[in-house]
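Asks: build me a model:
(one chain, ligands or ions: 1)
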Amino acid sequence: MTPWWQTTSIYQVYPRSFQDSNADGVGDLPGIINRLDHLKELGVETVWVSPFFASPQQDFGYDVTDYEAVAPEYGTLEDAQRLIDEVHSRGMKVMFDLVLNHTSDQHPWFLRSRSSRSNPKADWYIWADGRGKHGKRPPNNWKSAMEFTSAWQYCPTRRQWYMATFLPFQPDLNWRNPEVKRAMFDTVRFWLDKGVDGFRLDIFGQIMKDPDFANNPVRPRVYNGFPRLTERIHTENTADNVTLAKELRAVCEEYPGDRALLGEVFGPPEVLKSYLGEDDGLNLVFLFEFLTFHYNAEWFRTTIQGFEDNFPAPMQPTYVLENHDRSRLLDRVHGDVAKAGVLAVILLTLRGVPTVYQGQEIGMSNTRLPFKDALDPIAASVYKHLPQFFVDRMSERLNRDEVRTPMQWDASANAGFCPDGVQPWLPVNPDYERVNVAHQESDNDSLLNLYRRLFALRRDSESLRSGPLAMLEALPDGVLGYRRADLIVLANMGIEPVTVKYSGRSLVEAGEVAVGMGRVSLFPDSAVVLQTVVPKLA
Ligand code: NOJ
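Replies: From the prediction side, this is the model:
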């Protein structure tokens, strides 16, 4: 039987911004539970919940102080259990988000670890002596994820440096210490025991570093939209990291049923593939290329074909158009909702696992916020000196607050996220009176209803769930087309109307499309899913 994760669709909930249930301006687990029917009606099959574990919230949950406790502003362990059960009772799966690479610097393990070189937790994090006469220079040239600053932070008490791949307050755990591995695997079991169906694994590719701390080669370039100075061969996607993926999978295999591991891993396809195995390794890895898409048929054709070649079945490409770290897709198409509709058709009709970030289904856009007020620790620390006019001209959002503003449920105060009179933790996007779930529910032509139709089609169509994908050749310029078994998907991403010869029945349409008399006419920024007619034998 095909395991569920091969054909599922994933919806990302960012708890802080989804639904506030206790009027403190911060989303919480009971709030998510109250809104699960929206997800059920949308038709998604798996809910991925970003971290809600105990944390000082310096990186809004990606800095954990207790992996087996819920941060009080989000609820209790009972709420977490209820969330799992309520998702299940609606026939959906649930994945939690595990931050295995680092903890908060307020985690009791780190407080202990940094207190001396001889305490029982001394070796639970990655410590090294510095270079130079007094060891005041970082141990090597390893850069943080931001790439401009060293990955090493000095600790005067130990007169040593600790590694922090992400931000200084997120020290990296030493996974080469068997005690660390045991403690973290027990955490995984803790949540599996409660019934979660799998995990999204935060910066999974960067957990196992070179034990000899060899320098990374210097090679400046642009990667995934951001500058890179070094080739991270000793800090990312090492062979030991792939071994760790297999060990983690073995922990999941201790449990009945299929559990899924979805890795946040960056790298070229051959590297990403090395994490995936049919019976071992991760089940899925995100493919982030769509985050920086170019809205044209040729770009999509080449990118999709590349993934088809590199990730043949049973591997499943895992497509991402939006998440809590990067620009909303609507801003990448200059606010053109018709284009967002075409992208929805593509995302939900490709082979593989689509992921949708909360608000994507109603076309939420980036909320422009004054850079100086940023709460996002990257904007507030790393980029804090950049002037507003520079930030405004960047296509990438350097302040992740702008993509994390509250979910827009209706046209009432605070968009229904929290009650009138309560200040939400981030401002609501001023477009909420127009862009919200309630409004779009009542409009048959809305983006929300398009997403619903597409999810419903995906759920019921074996061709979309497991059929092979073959690109259609010889289409007019600007048109992307592919076949999924008996279905054909056509998207006009060009600027001219086109007519192509295909017979069939239209199942879902976005934008202006006419189907009939053996022809399909598509206006610019329209798309159609067509059930082709199988000729009857006389
Ligand atoms: C990737 C997460 O998506 C991001 O939000 C977080 O800040 C970093 N990892 C650090 O955990």
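Asks: confirm that Ile304 sits in a strand.
Replies: No: counting by DSSP: H, G, I helix; E, B strand; the rest coil, one finds Ile304 to be helix, located in no strand.
Asks: now for the residue nearest to it when sequence neighbours are not counted: which residues touch it?
Replies: Distances taken as C-beta to C-beta, 6 or more residues apart in numbering put Leu350 closest to Ile304, at 6.5 Å, once the chain neighbours are dropped. For the C-beta atoms, the positions are set from N, CA and C on the backbone; glycine is no exception. Listed by C-beta atoms under 8 Å, 6 or more residues apart in numbering, the contact partners of Leu350 are Ile304, Pro317, Tyr319, Leu469, Tyr482.
Asks: ok, those vs Pro72, which is closest?
Replies: Comparing the contacts of Leu350 against Pro72 with C-beta to C-beta places Tyr319 closest, at 35.4 Å.
Asks: tell me which residue of the stretch 1-150 of the chain lies closest to the ligand.
Replies: Residue nearest to the ligand within the stretch 1-150 of the chain: Tyr62 (3.3 Å; C-beta to the nearest ligand atom).
Asks: residue contacts, that residue?
Replies: Pro51, Ser55, Val99, Phe166, Gln170, Asp202.
Asks: which SSE is the first one in?
Replies: Meaning Pro51. In this assignment (DSSP states H and E), Pro51 forms part of neither any helix nor any strand.
Asks: that one - how many residues pack around it?
Replies: Applying other C-beta atoms under 10 Å, we find 25 other residues in the vicinity of Pro51.
Asks: distance check, the residue nearest to it when sequence neighbours are not counted against Leu98.
Replies: Spatial nearest neighbour of Pro51, chain neighbours left out: Gly61 (3.5 Å); criterion: C-beta to C-beta, 6+ apart. Here Gly61 is placed at a distance of 11 Å from Leu98 (C-beta to C-beta, to the nearest Å).
Asks: go on, Phe266?
Replies: 17 Å.
Asks: ok, back up a step: residue contacts, the residue nearest to Pro51?
Replies: With C-beta under 8 Å, 6+ apart, Gly61 has these contacts: Pro15, Arg16, Ser50, Pro51, Phe52, Phe53, Ser55, Ala71, Asp97.
Asks: same check, this time on Asn216
Replies: Taking C-beta under 8 Å, 6+ apart, we find Asn216 in contact with Asn141, Trp142, Lys143, Thr230, Glu231, Arg232, Ile233, His234, Thr235.
Asks: try Gln6
Replies: Taking C-beta under 8 Å, 6+ apart, we find Gln6 in contact with Pro314, Gln316, Val353, Ser466.
Asks: residues from the stretch 51-200 of the chain in reach of the ligand?
Replies: Contact residues, the stretch 51-200 of the chain versus the ligand (C-beta under 6 Å from any ligand atom): Asp59, Tyr62, Val99, Phe166.
Asks: what number of residues lie near the closest residue to the first one other than its chain neighbours?
Replies: Read that as Asp59. Nearest residue to Asp59, sequence neighbours excluded (C-beta to C-beta, 6+ apart): Pro377, at 5.3 Å. For Pro377, the count of nearby residues is 20 (other C-beta under 10 Å).
Asks: doesn't Gln12 belong to a strand?
Replies: Yes: according to three-state DSSP, the state of Gln12 is that of a strand.
Asks: determine the number of other residues adjacent to Ser116.
Replies: 11.
Asks: likewise for Gln423?
Replies: Neighbours around Gln423, by other C-beta under 10 Å: 10.
Asks: number of residues surrounding the closest residue to it other than its chain neighbours?
Replies: For Gln423, ignoring the flanking residues on the chain, the nearest one in space by C-beta to C-beta, 6+ apart is Gly25 at 5.2 Å. When neighbours are counted by other C-beta under 10 Å, Gly25 registers 18.
Asks: swap in Met517?
Replies: Each residue near Met517 was counted by other C-beta under 10 Å, and the total is 8.
Asks: just want to check the distance between it and the ligand.
Replies: Per C-beta to the nearest ligand atom, to the nearest Å, Met517 is found 49 Å from the ligand.
Asks: how near is Asp410 to His38?
Replies: To His38, Asp410 is 11 Å away according to C-beta to C-beta.
Asks: now do the SS call for Leu454.
Replies: The three-state assignment at Leu454 reads helix, by three-state DSSP.
Asks: let me see the contact set for it.
Replies: Leu454 is in contact with Ala344, Val345, Leu348, Thr349, Val508, Val529, counting by C-beta under 8 Å, 6+ apart.
Asks: the same query, at a cut-off of 10 Å, please.
Replies: For Leu454, the contacting residues are 9, 42-43, 341, 344-349, 354, 361, 464, 507-508, 510, 529, by C-beta atoms under 10 Å, 6 or more residues apart in numbering.
Asks: before we move on, the earlier item: now which of the contacts of Gly61 would you call buried?
Replies: Among the contacts of Gly61, those buried by neighbour count (16 or more other C-beta atoms under 10 Å) are Pro15, Arg16, Ser50, Pro51, Phe52, Phe53, Ser55, Ala71, Asp97.
Asks: now do the contacts for the first one.
Replies: Meaning Pro15. 26-29, 31-32, 49-52, 60-61, 70-71, 73-75, 83, 97, 358.
Asks: which of those fall in helices?
Replies: The helices in this structure, assigned by DSSP state H, contain Leu29, Gly31, Ile32, Leu83 from the contacts of Pro15.
Asks: just the buried residues from the residues you listed, in PyMOL please.
Replies: Selection of buried members from the ones in helices among the contacts of Pro15 for PyMOL, criterion 16+ other C-beta under 10 Å:
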select buried, resi 29+31+32+83
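Asks: for the ones in helices among the contacts of Pro15, give me JSON lines that also has pLDDT.
Replies: Below are those laid out as JSON lines (pLDDT from 0 to 100):
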{"residue": "Leu29", "pLDDT": "99"}
{"residue": "Gly31", "pLDDT": "98"}
{"residue": "Ile32", "pLDDT": "99"}
{"residue": "Leu83", "pLDDT": "99"}
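Asks: more neighbours, Phe266 and Leu98?
Replies: Neighbours were tallied for Phe266 and for Leu98 using other C-beta under 10 Å; the higher tally belongs to Leu98 (23 against 20).
Asks: how many neighbours does the closest residue to the more buried one other than its chain neighbours have?
Replies: Using C-beta to C-beta, 6+ apart and skipping residues adjacent in sequence, the residue nearest Leu98 is Phe199, 4.6 Å away. Using other C-beta under 10 Å, Phe199 is surrounded by 24 other residues.
Asks: element containing Phe199, please.
Replies: Element membership for Phe199, per DSSP H and E: strand 198-201.
Asks: which strands or helices does that strand pack on?
Replies: Judged by 3 or more C-beta pairs under 10 Å, 6 or more residues apart in numbering; DSSP states H and E, strand 198-201 is in contact with strand 10-13, strand 46-49, strand 93-98, helix 178-194, helix 239-253, strand 260-263, strand 284-287.
Asks: what about 7 Å?
Replies: Contacts defined by 3 or more C-beta pairs under 7 Å, 6 or more residues apart in numbering; DSSP states H and E place strand 198-201 against strand 93-98, strand 260-263.
Asks: show residues contacting that strand.
Replies: Residues outside strand 198-201 that contact it (C-beta atoms under 7 Å, 6 or more residues apart in numbering): 5, 48, 95-98, 100, 259-264.
Asks: may I see the buried residues of the helix or strand following it?
Replies: Under the assignment DSSP H and E, the closest C-terminal helix or strand after strand 198-201 is strand 218-223. By neighbour count with 16+ other C-beta under 10 Å, strand 218-223 contains no buried residues.
Asks: sheet partners, orientation included, of strand 218-223?
Replies: Partners of strand 218-223 in the sheet, by DSSP bridges, are strand 226-230 (antiparallel).
Asks: quick one: buried residues of the helix or strand of the chain with the lowest mean pLDDT?
Replies: Least confident helix or strand, the chain: helix 388-393 with a mean of 84, by mean pLDDT, DSSP states H and E. For helix 388-393, the neighbour count (16+ other C-beta under 10 Å) marks Val391 as buried.
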